[in-house]
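[1] take a look and give me a structure for this.
(chains A and B)
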Protein chains: 2
Amino acid sequence: MNKKAIAVLAASVFLLSACQPAEVTNETETVTEETETTSQLSNEYYSAIITDNAYQTSLNRGITLGLNSTINLKAFETGLMNLSQEHFSTDSHYFQEGQYIDSGTTNSWLGRVSEENPDGLNPEDNGNNEPDERNPIYLDSFLEQNYMVQNGDGFELGGISIGLAMNSVDYYTKKAYGSSFETKISQEEILAEGKAMADKIVQRLRETEGIGDVPIAIGIFEQSTEDNLAGGVYIAESVSENGSTSFTNWETINQKKVIFPASGEESNELSSFENFKAEIENFFPNLSGVTAEALYVDDQIVEMRLSINTQFYGESEIVAFTQHVAEKASSFLVPNIPIEITIGSINGTESFLAREAGETEFYSHIFD
Amino acid sequence: MNKKAIAVLAASVFLLSACQPAEVTNETETVTEETETTSQLSNEYYSAIITDNAYQTSLNRGITLGLNSTINLKAFETGLMNLSQEHFSTDSHYFQEGQYIDSGTTNSWLGRVSEENPDGLNPEDNGNNEPDERNPIYLDSFLEQNYMVQNGDGFELGGISIGLAMNSVDYYTKKAYGSSFETKISQEEILAEGKAMADKIVQRLRETEGIGDVPIAIGIFEQSTEDNLAGGVYIAESVSENGSTSFTNWETINQKKVIFPASGEESNELSSFENFKAEIENFFPNLSGVTAEALYVDDQIVEMRLSINTQFYGESEIVAFTQHVAEKASSFLVPNIPIEITIGSINGTESFLAREAGETEFYSHIFD
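    Now for the predicted structure:
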């Protein structure tokens, strides 16, 4: 960062963010780091802590890339941020990527337990290769998030959230580069295994330096299968408070993601989607594809994300189509829930529409 | 469209759009078509006319795909819609793709004039292959837009806009699949050739059935070269009124598009961009790429479009980065002009921020 930038920064950060110079001592010198926080786009997001204009990436950065799909990754991470808001308010807490469990530790925890890997959370290899007789890998990925609070001139740990991404199907091969086989895992097994792992994890965290007695929230995430276009959902959560080394009061979460058009599921929202789709798909002589992912909580639809793909032959077609979609979305789609609609072509996202939580109108933007 | 959709449609279109049943007679039967218009997202866009829920595509649909780049296509089309607003108000006029000049006619106009192609607007082949001695192709593409007005129960033509996309470099080969050569064309030549073509075109349009005496606006567009990341700009415009068969009062348009970071161009907006870039690019341990296209009118910056690309290792990184960018954009970038910022990764557009014309705050959206 050049000096001019620092000068302008000093004038500007007070407008939008907290600015905290903090003393940091290391072995050879004492340096003053500039700790600040990002702005907060809305109270559904946390401000994040940044130090000297750089983001503190997770100690196990990249671990979640191992999930079945990008959509599972997003659902796993944003889902844990959403769960965390019940325990750590976005007004008083600042987000920081996990700084306690590093890559080596994570990899040993995600491995099978064995003499060489005593900390493995997945069951030992029982020597059997058959889908229904082997011990599957239950825990596929692990996420740590830190929630910080202000303390005088600096920030200190206010809470930790842990996400456990569990397999509903464990994909495996019998030999390297061999065919893929599947072990199916029931939701009962996922919950039983996940809860047992959660207790082991909280015991280990309580012994980790710097964590102490802060609240530790945990969520069990059932990731969707590789061929599923919808992302997974959290199915249970709990919190360990006052330095407790176990989770006692587990709460069940009743969430479901449904891809529209769906076969065999009759609902008002499906028929409203079908009507919307009929209005849209024949706008051009070439067909436009329309799909949606709907999120249900306690069997109520709470959110929809639509993706429309078509072939455009010019910019004026994009403008007209976006305006047409805006009108039909207002008329036909479920009212009063957040809806995101992206309109894309082979060139990428061409325009998008969104009705955010608590709003009645769609915002729209056409990319030039 | 199914019957249920029609019923809902009847209840809804009056809210957002004009609905005009129109009698259309063809050789074998009389059918009642449902003519309606799309909603209008803002008064910078035209409502478009749609018939029986389908868009009337251009008679020469796809012609503009022949331009040097997608960014030229967008600049050519939206630029003509913007010019048109000076003559045909978005309040009283409705957009329709060109319905008078078909593909065959367009192709003959875009060809070289010859005995077989007497209507060609490009010069004859002089038999010379050398870059500076041959006759280049001046006119690369052609765009017709119709601006409709309401008339009783239906719509009628209220005006036509024509765009002429001219080459500043004509790329050619000396033999099929041979190396590419270039003939450079000066802006003076572009203007002289474009204006001469404009007069020929308006004479032909006045003789085309259904056009009559409506105003015909025309714009000369200088498309950017193949290796230019910025799109082209309109450099001159005129309008033919009261059935006139020529364009007399040409107006020069002083527009320029500049890509940032730019070498050799010192300006306040470039240094503000450089400061913004410095704040952004080191947020993650891996570098983030930041580029921008700035539009200048009469040497004043009037619009910016930024594109930020980085590698994300998780959704929480996207949230934090977007919030960081929002804050730095407000602090560092040129105030009071429309700005669009897209943040992308290898997975496509991850989030975006936009400050629309006349607004002071950035809207932001993170794609889930």
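
[2] for residue A:271, helix, strand, or coil?
    helix (DSSP: H, G, I helix; E, B strand; the rest coil).

[3] got it, and the one 4 residues further on?
    Assigned with three-state DSSP, residue A:275 falls in the helix class.

[4] that one and residue A:332 touch, don't they?
    Yes - between residue A:275 and residue A:332 a contact is recorded at 5.1 Å, counting by CB atoms under 8 Å. For glycine as for every other residue, the C-beta is placed from the backbone atoms N, C-alpha and C.

[5] quick one: name the residues of the stretch 201-350 of chain A near chain B.
    With CB under 8 Å from any CB of the partner chain as the criterion, the stretch 201-350 of chain A meets chain B at residues A:275, A:278-279, A:282-285, A:305, A:313-317, A:319-324, A:326-327, A:330-332, A:340, A:342, A:347-349.

[6] among those residues, which lie within strands?
    A:305, A:340, A:342, A:348, A:349 (DSSP state E).

[7] can you count the residues close to the first one?
    Other residues near residue A:305 number 21, with proximity taken as other CB atoms under 10 Å in any protein chain shown.

[8] what residues are up against it?
    With contacts defined as CB atoms under 8 Å, 6 or more residues apart in numbering or on different chains, residue A:305 is in contact with A:292, A:293, A:339, A:340, A:341, B:368.

[9] hmm, which of those is lowest in pLDDT?
    Of all those, residue B:368 has the smallest pLDDT value, namely 79.

[10] let me know the closest of the ones in strands among the residues of the stretch 201-350 of chain A next to chain B to residue A:171.
    residue A:305 (25.9 Å; CB to CB).

[11] give me the beta-bridge partners of that closest one?
    residue A:293, residue A:340 (DSSP bridges).

[12] what's next to stretch A:83-95, contact-wise?
    Contacts of stretch A:83-95 (CB under 8 Å, 6+ apart): A:37, A:40, A:43-49, A:81, A:145-150, A:155, A:158-159, A:161, A:215, A:217, A:219, A:234, A:237, A:239, B:316, B:319-320.

[13] of these, which belong to strands?
    Short answer: the contacts of stretch A:83-95 in strands (DSSP E) are A:37, A:49, A:145-150, A:155, A:158-159, A:161, A:217, A:219, A:234, A:237, A:239.

[14] now a PyMOL select for only the buried ones of these.
    Applying 16 or more other CB atoms under 10 Å in any protein chain shown to the ones in strands among the contacts of stretch A:83-95 leaves a buried subset, and the PyMOL line that selects it is:
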select buried, chain A and resi 37+49+145+146+147+148+155+158+159+161+217+219+234+237+239
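
[15] can you tell me the helix or strand for the residue nearest the centre of chain A?
    Closest residue to the average C-alpha location of chain A: residue A:77 at 2.1 Å, with CA atoms, centre = their mean. In the assignment (DSSP states H and E), residue A:77 maps to helix A:70-84.

[16] how far is that helix from where the chain is centred?
    Using CA atoms, centre = their mean, to the nearest Å, the distance from the centre of helix A:70-84 to the centre of the chain it belongs to is 2 Å.

[17] kindly report the same for stretch A:336-346.
    19 Å.

[18] ok, and for that stretch, which residues are buried?
    Buried residues in stretch A:336-346, counted by 16+ other CB under 10 Å: A:337, A:338, A:339, A:340, A:341, A:342, A:343, A:344, A:345.

[19] shouldn't the fourth one be in contact with residue A:349?
    No - checked against CB under 8 Å, the pair residue A:340 and residue A:349 is beyond contact range at 11.4 Å.

[20] which parts of chain A are helices?
    Ranges of helices within chain A are A:3-16, A:70-84, A:103-110, A:187-206, A:268-281, A:315-332, based on DSSP state H.

[21] C-alpha coordinates for the longest one, CSV please?
    Okay, so that is helix A:187-206. What follows is helix A:187-206, C-alpha atoms only, in CSV (Å, rounded to 0.1, in the frame of the first residue of the first chain):
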residue,chain,number,x,y,z
GLN,A,187,-30.2,-39.7,8.3
GLU,A,188,-30.4,-41.5,11.7
GLU,A,189,-26.8,-42.7,11.2
ILE,A,190,-25.7,-39.2,10.2
LEU,A,191,-27.2,-37.7,13.3
ALA,A,192,-25.8,-40.4,15.7
GLU,A,193,-22.3,-40.2,14.2
GLY,A,194,-22.3,-36.4,13.9
LYS,A,195,-23.4,-36.0,17.5
ALA,A,196,-20.7,-38.3,18.8
MET,A,197,-18.1,-36.5,16.7
ALA,A,198,-19.3,-33.2,18.0
ASP,A,199,-18.6,-34.2,21.6
LYS,A,200,-15.1,-35.3,20.8
ILE,A,201,-14.5,-32.0,18.9
VAL,A,202,-15.7,-29.8,21.7
GLN,A,203,-13.4,-31.6,24.2
ARG,A,204,-10.5,-31.0,21.9
LEU,A,205,-11.4,-27.4,21.4
ARG,A,206,-11.7,-26.7,25.1
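
[22] give me the contact list for that helix.
    With CB under 8 Å, 6+ apart, helix A:187-206 has contacts from A:100, A:109, A:119, A:121, A:138-139, A:160, A:162, A:164, A:166-168, A:211, A:216, A:218, A:220, A:222, A:235-236, A:238, A:240, A:243-247, A:250.

[23] 7 Å - rerun?
    The contact list for helix A:187-206 (CB atoms under 7 Å, 6 or more residues apart in numbering or on different chains) reads A:121, A:138-139, A:160, A:162, A:164, A:166, A:168, A:211, A:216, A:218, A:220, A:222, A:235-236, A:238, A:240, A:243, A:245-247, A:250.

[24] mind checking which of these are buried?
    A:121, A:138-139, A:160, A:162, A:164, A:166, A:168, A:211, A:216, A:218, A:220, A:222, A:235-236, A:238, A:240, A:247, A:250.

[25] for the helix holding residue A:77, the averaged confidence score.
    95.

[26] would you mind getting the angle between it and helix B:315-332?
    Calculated by axes from the mean of the first three to the mean of the last three CA atoms, to 10 degrees, helix A:70-84 forms an angle of 80 degrees with helix B:315-332.
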